[in-house]
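S.K.: With the sequence up front, the predicted model follows.
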Amino acid sequence: MLQGFFTFDGLADGEFFVTTVVLWQVGYAVEGGALMGRVAVAGGESKEITLAR
């Protein structure tokens with residue numbers, strides 16, 4: 001199983017959109033789709049976000 005963990009340091013204060021595409025195969029069919037989340041950061045804070053459907 002693959003998992004992705006990412007860190008972005010030094011972001012300017014503001015709101016950002018985090019996007020990804022998650023696909024997997026069941027038999028011959030490809031399933032999954034796109035995920036997106038919005039996150040606001042200020043003052044150099046760290047945030048952990050989870051994108052889920």
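M.R.: Good, I have the coordinates. Numbers count the residues shown, from 1 in each chain.
S.K.: Low-confidence stretches in the protein?
M.R.: 1-4 (pLDDT under 70).
S.K.: Repeat the analysis, applying 80 as the threshold.
M.R.: 1-6, 53 (pLDDT under 80).
S.K.: Quickly find the element holding the residue nearest to Glu31 when sequence neighbours are not counted.
M.R.: Leaving out its chain neighbours, the residue that sits closest to Glu31 by C-beta to C-beta, 6 or more residues apart in numbering is Trp24, at 5.9 Å. Every residue, glycine included, has its C-beta placed from N, CA and C. Using DSSP states H and E, Trp24 sits in strand 14-26.
S.K.: any idea how far that strand is from the chain center?
M.R.: In terms of C-alpha atoms, centre = their mean, to the nearest Å, the centre of strand 14-26 is found 5 Å from the chain centre.
S.K.: Taking strand 14-26 as reference, get the angle to the next helix or strand after it.
M.R.: With elements assigned by DSSP H and E, the helix or strand that comes after strand 14-26 is strand 29-41. Per axes from the mean of the first three to the mean of the last three C-alpha atoms, to 10 degrees, the angle that strand 29-41 makes with strand 14-26 is 160 degrees.
S.K.: Skipping adjacent residues, who's closest to Val41 in space?
M.R.: Here the residue nearest Val41, using C-beta to C-beta, 6+ apart, is Leu11, at 5.6 Å.
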